[in-house]
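Colleague: build me a model:
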Amino acid sequence: MFDSIQIALGFNIAAFLICAVNLVYMHIHGYTEKTNNRLFLAMLYILLANAASGIVTSLTYEQRLVSDTVFFANKCSRYIYFVSHTALAPIMYFYVASIIGKSMREDRWGTVRKCYLFIFSELMVLLNPVFGWVWYFNSNREFCRNWGEIFIYFSAAVYVAMSLLFIIFRWKVLAKKRKTTLIACFMMVLVGVLLQLLFKSFKVEVLFEAIGFTGAMMSLENEDDRMNASVGVYNRQALGMDVESAIHNYSNLQMVFVRVINKDVVNRITRSTNIAVTDQTVCEYLKTVVPKYSIYLSNPGNIALMLYHKDEKQTDEIVEQIAERFQRTWKIGDNDILLNAVIMRAELPRMVSSVSDALYMADSPLPEELDKVILEEKDLDYLLRRAAVEAAVSRGLDEGSFEVYYQPTYNIDGSIHGAEALLRMNDKELGKLFPDEFIPVAEYTGLIDEIDDFVLREVCSFIRTGKPEELRMECINVNLSVVQCMKQGFTDHIIDIVETEGVEKSFINFEITESVSASDYKLFSRVVKELKNAGFLFSMDDFGTGYSNIAAIFSLNLDVIKIDKSILWNAEKSEAGKIVLENTVRMMKQMRKKILVEGVETKEQIEILEELGVDYLQGFYFSKPVPLKELVEKLA
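Modeller: Now for the predicted structure:
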């Protein structure tokens, strides 16, 4: 008996030291603010009390027979152990729920119902000195277990089972590290409980629980991998994880996004590119408004707030307070700087229904004509729409949402000249999308390269059928994206695609816009030269809408200049418009360029253009953009 008592004493001392060290660690690192932090601290304090009670029980075991005072201390230690240990399993259940992200405030009555077993068990323990339901001491001062202890173990088993069910049903929400840690913690606790049930004198339950909770502390409570070390708030990874968890667990949660939009000005004033200084200044202020664990730095200058348990009125007050602060200067380094910010507010999951929605709201470009500081509800429709379009573009190639339409071009005498390949999109969720909506999104996301390659391959496939030659078409026009042209190895990539498809390069006429060529003349001059040397044709699209650079147009050695429809339409409306059209055509002729006019819709317009001697026509008078099959049928 003496040896087992000494072993039990050693186990409890070890457990006490482990819990004490863990508590010191938690408090030093400030892991005390969040709900899960406080629940974990409660479990550590319970285990500390259990270990201390075990130490006292072991030290007083032998002397209890000869001293009433020692016997009373022994009884008190047993009482403290049962009172505290009975609360461990229920608190662990709520801890697991908190780690997973389940809010107990969402269903308070449900939470109260889950406490019934705990309340009844605790009452049995508290009243045990009177009724002896859980344990008692016989006449020889021996500790004896009673039927109530079985009920307490049953109650603990129920809470453990509910915790495991929480983990199972929320398995996808948990990060891999948390899954592994929670399971390992449960296994360690269960092994300790089973060992003590099977071997009554083998007092290892508290020690095993202390070891298991140490693992939980190092992995679950230590959030270094979720923190932005330079600013001291959560990082982008943590934002994604917590939004995913919140979507599965909350019926209503407010999100606020703070976007600093004059970062470049701050860098010039401070003569620094260290935007972290600005982020740190703003985040330090936000910590005075909301708890630190509610703040996430998604990207430099982009801060997100997740406001748990805040209603609309409370959120309004927080947003107004932040907006008011941005009306005053901020001390950044040695400078007082006025930061311009846009504050967006959205409700999860009604408006933010996925992690991609949240990250898009944090990162997406803002409209240039924006004249508001606080954006909410309908103000954010453009963001939600853009996020939906981005998702549609991302899945478009895999799901066959894209299709190449063709709009014929004609010689001035009405005979067929060729066709322009135009991309159309029909998404299964959003329906038909216009190019001016999905093309900018494709460029922003970097998917424009794959989409442009898709169009070029579709055109090559059409040319390879021999139908264009049968229909006496001279070329197919293909639009080039400025984003794609600026990439290294672009010309080699284009040549490789066309040669792999096995079609004549001279049958493909690439189009670039006027504003593109003017924006970077040297780059596009090289691109045009290399592709023309390879055998391709080149046109300038939308002439008259961008920043005209006549010298650049002439030097690019283009084959065709496409005059924008607005010039033609204005020529019908006013004498000034007619002069612009006549002089534009005359200038192009003097530069010995072929001329194509877009937007032809009436016979009268054709007559005007015949008089001016343009070469090619394109417009709804002849045909709208149509699918390939319809084009072939129409021209045949």
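Colleague: what's near enough to touch the most centrally placed residue in the chain?
Modeller: The chain has Leu359 as the residue nearest its centroid, 3.3 Å off, counting by C-alpha atoms, centre = their mean. Contact analysis of Leu359 by C-beta atoms under 8 Å, 6 or more residues apart in numbering lists 236, 239-240, 298. Quick note: C-beta positions are derived from backbone N, CA and C, even for glycine.
Colleague: ok, then the element right after the stretch of helix or strand it belongs to?
Modeller: Using DSSP states H and E, Leu359 maps to helix 355-363. Remark: after helix 355-363, the chain's next helix or strand is strand 374-376, criterion DSSP H and E.
Colleague: please save the CA atoms from the helix or strand following that following strand in CSV.
Modeller: Using DSSP H and E, the next helix or strand after strand 374-376 towards the C-terminus is helix 381-399. Provided in CSV are the C-alpha atoms of helix 381-399 (Å, rounded to 0.1, in the frame of the first residue of the first chain):
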residue,chain,number,x,y,z
ASP,A,381,-23.7,44.7,-54.9
TYR,A,382,-20.9,45.4,-57.4
LEU,A,383,-18.4,43.5,-55.2
LEU,A,384,-20.7,40.5,-54.8
ARG,A,385,-21.4,40.5,-58.5
ARG,A,386,-17.8,40.7,-59.3
ALA,A,387,-17.0,37.9,-56.9
ALA,A,388,-19.6,35.8,-58.6
VAL,A,389,-18.2,36.6,-62.1
GLU,A,390,-14.7,35.8,-60.9
ALA,A,391,-16.0,32.4,-59.7
ALA,A,392,-17.7,31.9,-63.1
VAL,A,393,-14.6,32.8,-65.0
SER,A,394,-12.5,30.4,-62.9
ARG,A,395,-14.7,27.5,-63.7
GLY,A,396,-15.6,28.6,-67.2
LEU,A,397,-13.0,26.7,-69.2
ASP,A,398,-13.6,23.4,-67.3
GLU,A,399,-17.4,23.7,-67.6
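Colleague: could you pull out the buried residues of the very next helix or strand once past helix 381-399?
Modeller: Downstream of helix 381-399, the first helix or strand assigned by DSSP H and E is strand 402-411. For strand 402-411, the neighbour count (16 or more other C-beta atoms under 10 Å) marks 402, 404-410 as buried.
Colleague: which strands border strand 402-411, and is each parallel or antiparallel?
Modeller: Here strand 402-411 is paired, per DSSP bridges, with strand 416-427 (antiparallel), strand 616-617 (antiparallel), strand 626-627 (antiparallel).
Colleague: adding distance to Ile567 and mean pLDDT, write those out as a markdown table.
Modeller: Listed next are the strands paired with strand 402-411 as a markdown table, based on distance: least, C-beta to C-beta, whole Å; pLDDT from 0 to 100:
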| stretch | distance to Ile567 | mean pLDDT |
| --- | --- | --- |
| strand 416-427 | 18 | 93 |
| strand 616-617 | 14 | 94 |
| strand 626-627 | 25 | 92 |
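Colleague: could these go into JSON lines alongside distance to Tyr293?
Modeller: Converted to JSON lines, those look like this (distance: least, C-beta to C-beta, whole Å):
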{"stretch": "strand 416-427", "distance to Tyr293": "38"}
{"stretch": "strand 616-617", "distance to Tyr293": "64"}
{"stretch": "strand 626-627", "distance to Tyr293": "54"}
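Colleague: and those, which is most packed in?
Modeller: Counting by mean count of other C-beta atoms under 10 Å, strand 616-617 has the highest mean neighbour count of the strands paired with strand 402-411, with a mean of 24.
Colleague: return the distance of it from the chain's centre.
Modeller: 47 Å (C-alpha atoms, centre = their mean, to the nearest Å).
Colleague: confidence score at the residue nearest to the centre of the chain?
Modeller: Here, the pLDDT recorded for Leu359 equals 82.
Colleague: and it, how close does it get to Val112?
Modeller: For Leu359, the distance to Val112 (C-beta to C-beta, to the nearest Å) stands at 37 Å.
Colleague: try Leu348
Modeller: Counting by C-beta to C-beta - Leu348 and Val112 are separated by 26 Å.
Colleague: more neighbours: which of the two?
Modeller: Leu348 (21 against 11; other C-beta atoms under 10 Å).
Colleague: my guess is the more buried one contacts Asn249. True?
Modeller: No: with contact defined as C-beta atoms under 8 Å, Leu348 does not reach Asn249; the gap is 10.6 Å.
Colleague: circling back to that earlier point, for the helix holding Leu359, which positions count as buried?
Modeller: Neighbour-count burial for helix 355-363 [16+ other C-beta under 10 Å]: 355-362.
Colleague: and the residue nearest to Thr491 when sequence neighbours are not counted, how many neighbours?
Modeller: Nearest non-adjacent residue to Thr491, counting by C-beta to C-beta, 6 or more residues apart in numbering: Glu530, 4.3 Å away. Neighbours of Glu530 under the rule other C-beta under 10 Å: 15.
Colleague: which of the three states applies to Glu530?
Modeller: For Glu530, the assignment made with DSSP: H, G, I helix; E, B strand; the rest coil gives helix.
Colleague: pLDDT score for it?
Modeller: Value for Glu530, per-residue pLDDT: 88.
Colleague: from Gln407, how far out is it?
Modeller: Counting by C-beta to C-beta, the separation of Glu530 from Gln407 is 28 Å.
Colleague: going along the chain, name the strands of the stretch 401-550 of the chain.
Modeller: Secondary structure of the stretch 401-550 of the chain (DSSP state E, counting those that start in this stretch): strands at 402-411, 416-427, 431-433, 475-479, 508-513, 537-543.
Colleague: dump these to TSV, plus distance to His27.
Modeller: Converted to TSV, the strands of the stretch 401-550 of the chain look like this (distance: least, C-beta to C-beta, whole Å):
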stretch	distance to His27
strand 402-411	58
strand 416-427	53
strand 431-433	55
strand 475-479	63
strand 508-513	63
strand 537-543	66
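Colleague: among these, which comes closest to Leu9?
Modeller: With C-beta to C-beta as the criterion, Leu9 lies closest to strand 416-427 of the strands of the stretch 401-550 of the chain, at 70.1 Å.
Colleague: and the angle for that closest one with strand 508-513?
Modeller: Between strand 416-427 and strand 508-513, the angle comes out at 70 degrees (axes from the mean of the first three to the mean of the last three C-alpha atoms, to 10 degrees).
Colleague: going forward, the N-terminal residue is numbered 15.
Modeller: Fine by me, first position is 15 from now on; the one you just mentioned is strand 430-441.
Colleague: so Leu267 bridges to which residues?
Modeller: Leu362.
Colleague: isn't it up against Leu362?
Modeller: Yes: if you go by C-beta under 8 Å, Leu267 and Leu362 touch, sitting 4.4 Å apart.
Colleague: residues shared between the contacts of the two?
Modeller: Counting by C-beta under 8 Å, 6+ apart, the shared contacts of Leu267 and Leu362 are Ala260.
Colleague: what sits against Leu196?
Modeller: By C-beta under 8 Å, 6+ apart, the neighbours of Leu196 are 110, 113, 181, 188, 230, 234.
Colleague: can you tell me the SS state at it?
Modeller: helix.
Colleague: what's the distance between it and Val203?
Modeller: For Leu196, the distance to Val203 - C-beta to C-beta - is 11 Å.
Colleague: sorry, back to before: ok, which of the strands paired with strand 416-425 comes nearest Ala548?
Modeller: The minimum distance between Ala548 and those falls on strand 430-441, with 18.8 Å, by C-beta to C-beta.
Colleague: Three-state assignment for Met176, please.
Modeller: Assigned with three-state DSSP, Met176 falls in the helix class.
Colleague: kindly state the pLDDT recorded for it?
Modeller: On the pLDDT scale, Met176 gets 87.
Colleague: hang on, it packs against Leu131?
Modeller: No: contact criterion C-beta under 8 Å: Met176 and Leu131 do not qualify, at 9.9 Å.
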